[in-house]
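Chemist: one predicted model, sequence on top.
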Amino acid sequence: NDFVSYLEQGKVMGTRCKKCNLVFFPPRADCYQCLGSDMEWFEVSGTGELVTFSKLQYAPVGFEQDLPYCIALLDYGDYKVFGRIDKEIPDEEIKVGMEMKIEVRQLPEERLTYVFTKP
């Protein structure tokens, strides 16, 4: 799929409706606002503001070896991005309101993901 292809290139991408300009992350093929399907890709770049976060002690199948880790929501202005906070950032440094950026990371077994890091 295109999202994974972009991750392989080191890019985290969302989609934007060409008809009404509504922005989506994760990417969508169709716009729920105008029901259009003419979408374009855009790169999630720059920094977003940490809106909220939570430390997980249980994980979905395939991510058990990563525990514990923090999930978070970043506000990029026109859209929000849900993801994981880089495990290299100590818990005591994670604060609501801090600026963070997004990076692609390699996981075991040739899997790709993205994480939030310090700018």
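Modeler: Yep, it's here.
Chemist: what is residue 104 paired to in the beta sheet?
Modeler: With DSSP bridges applied, residue 104 shows beta-bridge pairing to residue 114.
Chemist: and this structure, what are its domains?
Modeler: The record's domain split for the chain, according to automatic domain parsing, is 1-43, 46-119.
Chemist: pLDDT of the longest one, averaged?
Modeler: By that I understand domain 46-119. Domain 46-119 carries an average pLDDT of 93.
Chemist: residues contacting residue 76?
Modeler: 44, 46, 48 (C-beta atoms under 8 Å, 6 or more residues apart in numbering). Yep, even glycine has a C-beta here, placed from its N, CA and C like the rest.
Chemist: let's see that with 7 Å instead.
Modeler: Residues in contact with residue 76, defined by C-beta atoms under 7 Å, 6 or more residues apart in numbering, are 44, 48.
Chemist: check residue 6 too.
Modeler: Contacts of residue 6 by C-beta under 7 Å, 6+ apart are residue 13.
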